[in-house]
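Asks: build the 3D model from these lines:
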Amino acid sequence: MYQVKEIKQNLFWVGGNDRRLALFEGVYHIPRGVSYNAYLLLDEKTVLLDTVDKAISGLFFENIAHVLNNRPLDYVIVNHMEPDHCAQLPELVFRYPELKIVCNHKTHTMIKNFFTFDIDSRIVLVEEGGTLSSGTHTFTFVMAPMVHWPEVMVTYDITDKILYSADAFGTFGALPGNIFADELDFERDWLDDARRYYTNIVGKYGDQVQMLLEKAAKLDIAMVCPLHGPIWRKNFSFFMEKYQRWASNTPEDNTVMIVYNTVYGNTENAVNILAGALDDRGVRRMVVYDVSVTDSSVIVSEAFRCSHIVFAATTYNANIFIKMEEVLLDIKEHNLKNRTIAFIENGSWAPTASAQMRDIFAALEHITILEQTVTLKSSVKDESLAALNALADSIVASMPKSAAPTHDARSLAVEPAAFFKLSYGLFLLSTKDSAKDNACIINTAAQLTDTPKRVNIAVNKQNYTCEMILKTNVFNVSVLTTDTVFKVFQHFGFQSGRNLDKLADSPIALKRSENGLVYASEETNAFFSCTVINAIDYGTHVLFTADVTEAAVLADTPSLTYQYYFDHVKPKPPFTRKKKRIWVCKVCGYIYEGDELPPDFVCPLCKHGADDFEMAE
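Replies: Presented below is the predicted three-dimensional model:
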């Protein structure tokens, strides 16, 4: 039986989940399974965006047949040729003989590599910036080579402002019925899997990801539809900021990961002592992993999160312990940068692990290796205890320091920053003057008395809304929630109602209360209708005291605080890449950065020479 979800009018999720798959790509443990996302748009022409893995092919074709309801399938857009997203192309062609396949030149070649059906008679080739119209919708295409295959592109629906992002912004994990990120506790339940997906699948290609992020930043994106994991329709800036950090190899947390192996427990004893010493010195959010029982993908993921990593290894057959060596080579393969590394080695007669671990990391860029190394001879002794404490001191000394807060009462009796420690909410304040409605964003609204029900609000005198309330003595306050998107603040807070009708194209739904004023009916958890009984001019602001004439709870979603707004809603400043000349391999998309491409350069991925590179714009 089909199982589809309508994303918005005429757009449907037609993918599915695989909760039985134990190893993604035969490598990565996925205890929560994985989703395979595909999307079907009903327009004057019908458009399918990608297909799914063969594991859920039966459900996939039931979904398509149900949504099409006997209509033909006109186009399939192939953003990515990996078989978990294109395996159903031959069956699609068999079921829908008039189907046209939309793809780029590299994808065209790959389809011929994978399949034997006639592709040339049904191909629609697109290039960077090319467009395709399905009627009322226009799609444009953005090439994203090596994110994470050379043929990858993403598709942007100009009409609905939807980015179909291929493997970018994906995550491990089967969807639990909720398909939107804002319906889930993404940060608590999904961020670790999202990081593990990015770092292991795409993490090696940070430069290429940054190029895609720069292109995406120029698009007006209302929704992001990836090929794995939940769909983003709110507060996407939170996830974009994570991608900017991961792609630029910028640690998320100034903390320590300790990775170790132990045979008889002595190296583990040393690790636990070091972890305790770091805790005593104020290091928080540490993680400790035994390589023998931890999947390498978890350690690679945490390496992208943590600023400092300690590797503690035994010497085994005059080499690094086998499982530890596998992890080290895995991290090296993912081009980790901008980290501080330290080593502990253990050996009963000839400890050599530290030197060999150093050799592995010597090949990586922007890696700082601490001189302080701890060498154990079988077990921890008094002298090694002192060395472990010295290593803890060295690690803490190398960590970035926050400026210590200071307060000089003689020079600054009132610190402006102290006021930001008060609990502020964010509210939509609306009113009406004659025939014109208006609204703005305020951060000060509080209950004054319980009997009678009375509130205070403070409004900047420069706001047009303030002028209107002074004339009419009525207003509504809508309590914004953590679901509120940044566009609401742009629309109501960054422009004046003197110059335009803010309600004409409001980004959120509005209704009218009994007093005739509008209030927000979504992205808000309560509203209050009020009549002013007093107004006091305090220079820059007017303090209104008002009786509440109507109030209602609209949702259980938490109220939005200033802190949440800054952490999750307001877009972070983009990470800036150091601008260099960029040379792109025309065959596989590998990026070389430098003033000039050496004439004898050979692509490390596809082995083509300098003649097959072109300078990117």
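Asks: alpha carbons only for contacts and neighbour counts from here, please
Replies: Fine.
Asks: in the chain, where's the longest helix?
Replies: helix 382-398 (DSSP state H).
Asks: what's the helix or strand of the chain with the lowest mean pLDDT in contact with?
Replies: Least confident helix or strand, the chain: strand 591-593 with a mean of 77, by mean pLDDT, DSSP states H and E. The contact list for strand 591-593, computed with CA atoms under 8 Å, 6 or more residues apart in numbering, reads Asp207, Gln208, Lys580, Arg581, Ile582, Trp583, Val584, Cys585.
Asks: confidence-wise, which of those residues comes last?
Replies: Lowest pLDDT of the contacts of strand 591-593: Lys580, 66.
Asks: enumerate every residue touching the residue of the chain most remote from its centre.
Replies: Centroid-distance maximum for the chain: Trp349 at 47.7 Å, with CA atoms, centre = their mean. Trp349 is in contact with Lys377, counting by CA under 8 Å, 6+ apart.
Asks: kindly report the same for Glu523.
Replies: Applying CA under 8 Å, 6+ apart, the residues near Glu523 are Leu480, Thr481, Thr482, Asp483, Thr484, Ile508.
Asks: how close does it get to Asp290?
Replies: As judged by CA to CA, to the nearest Å, Glu523 and Asp290 stand 44 Å apart.
Asks: can you report phi and psi for Val474?
Replies: Backbone torsions for Val474, taken as degrees, to the nearest 10, come to phi -140, psi 150.
Asks: secondary structure class for the closest residue to it other than its chain neighbours?
Replies: Once flanking residues are discounted, Val474 sits nearest to Thr531: 4.6 Å by CA to CA, 6 or more residues apart in numbering. Under DSSP: H, G, I helix; E, B strand; the rest coil, the three-state class of Thr531 is strand.
Asks: do the same with Glu326
Replies: Glu326 ends up helix, using three-state DSSP.
Asks: likewise for His308?
Replies: Classified using three-state DSSP, His308 is strand.
Asks: picking that back up, what mean pLDDT does whichever helix or strand comes after the longest helix of the chain get?
Replies: Beyond helix 382-398 on the C-terminal side, the first helix or strand identified by DSSP states H and E is strand 427-433. Across strand 427-433, the average pLDDT comes to 94.
Asks: low-scoring stretches of the chain, by residue?
Replies: The model of the chain has pLDDT under 70 over residues 402-422, 574-580, 587-588, 605-607, 617.
Asks: domains for it, by residue range?
Replies: Here the domain parsing of the chain from automatic domain parsing is 5-247, 253-398, 424-560, 582-615.
Asks: can I get those in CSV with distance to Lys570?
Replies: Output for the domains of the chain, formatted as CSV (distance: least, CA to CA, whole Å):
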stretch, distance to Lys570
domain 5-247, 7
domain 253-398, 20
domain 424-560, 6
domain 582-615, 31
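Asks: between the ones you listed, which one is nearest to His568?
Replies: domain 5-247 (5.3 Å; CA to CA).
Asks: quick check: end-to-end length of the closest one?
Replies: Taking CA to CA as the criterion, the two ends of domain 5-247 lie 32 Å apart.
Asks: now swap in stretch 372-385 and tell me
Replies: 13 Å.
Asks: contact partners of that stretch?
Replies: 266-267, 269-270, 273, 342-349, 351, 354, 387-388, 390-391, 394.
Asks: in what element of secondary structure is Gln356 found?
Replies: helix 353-361.
Asks: name the helices or strands packed onto the following helix or strand past that helix?
Replies: Sequence-wise, the next helix or strand downstream of helix 353-361 (DSSP H and E) is strand 367-369. Helices and strands touching strand 367-369, by 3 or more CA pairs under 8 Å, 6 or more residues apart in numbering; DSSP states H and E, are strand 339-346.
Asks: quick one, the strand it packs on and helix 353-361 angle?
Replies: Strand 339-346 runs at 150 degrees relative to helix 353-361, counting by axes from the mean of the first three to the mean of the last three CA atoms, to 10 degrees.
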